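S.K.: This is the structure alone, sequence omitted:
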């Protein structure tokens, strides 16, 4: 169901045809190449083949890519042009791309110029940091009027240093005075961490003075290559800093001038990226002196195209079915309205190749659940409109495209459920009509108002949840039957259908029709007998008692069903919060001032409510799939099919129809 069938491909070809074949396979984009490392561990393989590829070439291309990326980042940093909200790839045909790319000589020179300018800017920035750091170190010494480079005279020693802020300087002065009466200790400055000292003593007594100072944590303050006072140095540094900043601005302007060449550089980046990928792909090949070998996977529908490419290259090949139980790469193949919901599946995990793709099954439930939890016509119009406008304005791709389109559909569901429940930005129509026009206007729900009858919505949520869970169990039964495990399908699924339906009829059937409770009792007994009896007949040892434990699992089913009460909780929360903000806005009454305040409060309140509940509905609708639904049958963890193809970052190469 919506998982593309894969076939195993093995190829042997002549070394002279390898480059052309890889290029054509890359254009085709339909073959995933397998890593051959395990084969080289086999002595039979390692005795006749070696690993292909040129690691030096790959490394060299990676280095060039890094330089081009640095150049693009530098240009983007100083490019003043308006940047798009989303970065998208530019669609181009291969012919148009090749013409725009050219031989790459001119763009290579432009990249070197940008990198040279950026290197100078980086050096200038480092110089700026050094200046600022030096200024910071000099600031505490502004009160010191002697030159920083003055170390004293022949008989007098002048020292500058620091001690911790907690040091007892007065006590230190007394000890210094006792050791050397002629020594002068002056506190130049102090901050939260340190005290800055000037010490003048006789050289003959320097050692005795230092012994006392060091006992208080004294450390010399060194000002290498600085002459003059601290104030004079800071003045000079300010002048130098101004010049450095001016140089930086000039360099930034020169870098920004290359913004007009940004597209050319992006084309060049993509060309290097494709060359790197092609060189890297060769590492998945094995070779002899004259031949090469590789294997991989190809989708069933692409086999004919791959065969033609291989035959044109004179290769010997084999395309076979995978062995029983062998996992293959996973490629989902859904159609139409289901495709956007693949984003929800991929965020959890792709199915294993032998599993069922859950996307077509849960898509309708996700659509319903999201709308029930958000349930407001106004919010639905905003969400759907924003998403579809975004898709129209920006050519999004892959997961981003699917997720935005999925949310657009959820906006439609939100509008539908809003109409069923009678909500449009809460009760804003009613509040505006009564507050500003003295009229009574209400939106009549097409079904009912959950705020007036929450139990009705709770019951509907639990019934809908039960259907959701039963379908998940049905998928599990389908997988069992597909594998020929009829007994497992009966014991683990169909017996539970009997037991749970019977239990529901036994408890609530009396309100449906006469005799429902009796039917429910026998259905529940039949289901319980199969659940308990199955392991008794098929199990061994302690396993015979597993049926009793499984029957205890009834509580987990009840808990799962109650989980769907979140449909009620979030639906009510969205409506109540909207009404609260409408009520707050109406407190100021009618008139111009009241209208202005109402609009301000309504915009803020509904924007906040929209953001919180749009996200909350997304998270909880996903949780109901991931935990309750997937938990019944889904393992996940499949490896995505990753074909050897032209992967680009800035250009989307569009295949031209022949």
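M.R.: Perfect, thanks for sending it. From a predicted model like this one, the values you see are computed outputs, not experimental measurements. Residues are numbered from 1 along each chain as shown.
S.K.: hey, let's count contacts and neighbours off CA atoms from now on
M.R.: Fine.
S.K.: Show the contacting residues for residue 589.
M.R.: For residue 589, the contacting residues are 435-436, 595, by C-alpha atoms under 8 Å, 6 or more residues apart in numbering.
S.K.: let's go with 7 Å and repeat that
M.R.: Counting by C-alpha atoms under 7 Å, 6 or more residues apart in numbering, residue 589 touches residue 435.
S.K.: From residue 23, how far out is it?
M.R.: Distance of residue 589 to residue 23, given as C-alpha to C-alpha, to the nearest Å: 73 Å.
S.K.: Repeat that for residue 655.
M.R.: 15 Å.
S.K.: Strands of the stretch 251-400 of the chain, start to end?
M.R.: 286-287, 291-299, 316-320 (DSSP state E, counting those that start in this stretch).
S.K.: ignore the last one, the chain
M.R.: 6-14, 32-33, 50-51, 90-93, 156-164, 184-190, 194-202, 219-220, 286-287, 291-299, 316-320, 651-654 (DSSP state E).
S.K.: The third one - what's its average pLDDT?
M.R.: With pLDDT averaged residue by residue, strand 50-51 scores 94.
S.K.: the domain parsing of this protein - what is it?
M.R.: 150-222, 359-445+454-629 (automatic domain parsing).
S.K.: any weak-confidence spans in the stretch 501-650 of the chain?
M.R.: 510, 535-553 (pLDDT under 70).
S.K.: Please repeat the previous calculation with a cut-off of 80.
M.R.: Applying pLDDT under 80 to the stretch 501-650 of the chain picks out residues 508-515, 531, 533-555.
S.K.: And residue 576, how far from residue 280?
M.R.: 57 Å.
S.K.: same deal with residue 444?
M.R.: Residue 444 sits 64 Å away from residue 280, going by C-alpha to C-alpha.
S.K.: Just the pLDDT for the nearest residue to residue 231 once chain neighbours are set aside.
M.R.: The shortest distance from residue 231 to any non-neighbouring residue, by C-alpha to C-alpha, 6 or more residues apart in numbering, is to residue 142 (5.6 Å). For residue 142, the model assigns a pLDDT of 92.
S.K.: Same question for the one 3 residues further on.
M.R.: Residue 145 is assigned a predicted lDDT (pLDDT) of 91.
S.K.: try residue 17
M.R.: Looking at residue 17, its pLDDT is 94.
S.K.: More neighbours: which of residue 576 and residue 280?
M.R.: residue 280 (19 against 16; other C-alpha atoms under 10 Å).
S.K.: quick one: the more buried one and residue 58 touch, right?
M.R.: Yes - taking contacts as C-alpha atoms under 7 Å, residue 280 lies within contact range of residue 58: 6.2 Å.
S.K.: just for this protein, where's the confidence low?
M.R.: In the chain (pLDDT under 80), the answer is 1, 82-86, 508-515, 531, 533-555, 655-658.
S.K.: So for the chain, which residue is the most central one in space?
M.R.: For the chain, the residue sitting closest to the mean C-alpha position, by C-alpha atoms, centre = their mean, is residue 347 at 9.6 Å.
S.K.: what's near enough to touch residue 561?
M.R.: Residue 561 neighbours (C-alpha under 7 Å, 6+ apart): 462, 465-466.
S.K.: any idea which of those has the most stuff around it?
M.R.: residue 465 (24 neighbours).
S.K.: Could you tell me how far that residue is located from residue 198?
M.R.: Here residue 465 is placed at a distance of 80 Å from residue 198 (C-alpha to C-alpha).
S.K.: And residue 469, by the same measure?
M.R.: 81 Å.
S.K.: With neighbour numbers in mind, choose between the two.
M.R.: Just comparing residue 469 and residue 198: by other C-alpha under 10 Å the higher neighbour count belongs to residue 469, 22 against 18.
S.K.: Burial check on the residue lying closest to that one once chain neighbours are set aside, number of neighbours?
M.R.: Excluding the flanking residues, the one nearest residue 469 by C-alpha to C-alpha, 6+ apart is residue 629, at 5.8 Å. When neighbours are defined as other C-alpha under 10 Å, residue 629 has 22 of them.
S.K.: ok, the nearest residue to residue 642 once chain neighbours are set aside - contacts?
M.R.: Nearest non-adjacent residue to residue 642, counting by C-alpha to C-alpha, 6+ apart: residue 32, 5.7 Å away. Counting by C-alpha under 7 Å, 6+ apart, residue 32 touches 296-298, 641-644.
S.K.: Give the ChimeraX command for selecting the buried subset of those residues.
M.R.: Buried residues among the contacts of residue 32 (16 or more other C-alpha atoms under 10 Å), as a ChimeraX selection:
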select :296,297,298,641,643,644
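S.K.: Same list, the contacts of residue 32, but as JSON lines with distance to residue 604 please.
M.R.: Below are these laid out as JSON lines (distance: C-alpha to C-alpha, whole Å):
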{"residue": "296", "distance to residue 604": "55"}
{"residue": "297", "distance to residue 604": "53"}
{"residue": "298", "distance to residue 604": "53"}
{"residue": "641", "distance to residue 604": "45"}
{"residue": "642", "distance to residue 604": "45"}
{"residue": "643", "distance to residue 604": "47"}
{"residue": "644", "distance to residue 604": "49"}
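S.K.: Going by distance to residue 451, which of the contacts of residue 32 wins?
M.R.: residue 641 (47.8 Å; C-alpha to C-alpha).
S.K.: from memory residue 567 sits against residue 373, does it?
M.R.: Yes - using C-alpha under 7 Å, residue 567 is in contact with residue 373, at 5.2 Å.
S.K.: give the contact list for residue 633.
M.R.: Contacts of residue 633 (C-alpha under 7 Å, 6+ apart): 472-473, 475-476.
S.K.: Which members of those are the farthest-apart pair?
M.R.: Largest pairwise distance in those, by C-alpha to C-alpha, is 6.6 Å, between 472 and 476.
S.K.: Now do the shared contacts for the two.
M.R.: With C-alpha under 7 Å, 6+ apart, residue 472 and residue 476 have common neighbours 632-633.
S.K.: related to what we said a few turns ago, just the contacts of residue 633: which are in helices?
M.R.: 472-473, 475-476 (DSSP state H).
S.K.: And residue 203, how close does it get to residue 218?
M.R.: 18 Å.
S.K.: Between those two, which has more neighbouring residues?
M.R.: A count of neighbours by other C-alpha under 10 Å puts residue 218 above the other of residue 203 and residue 218, at 20 against 16.
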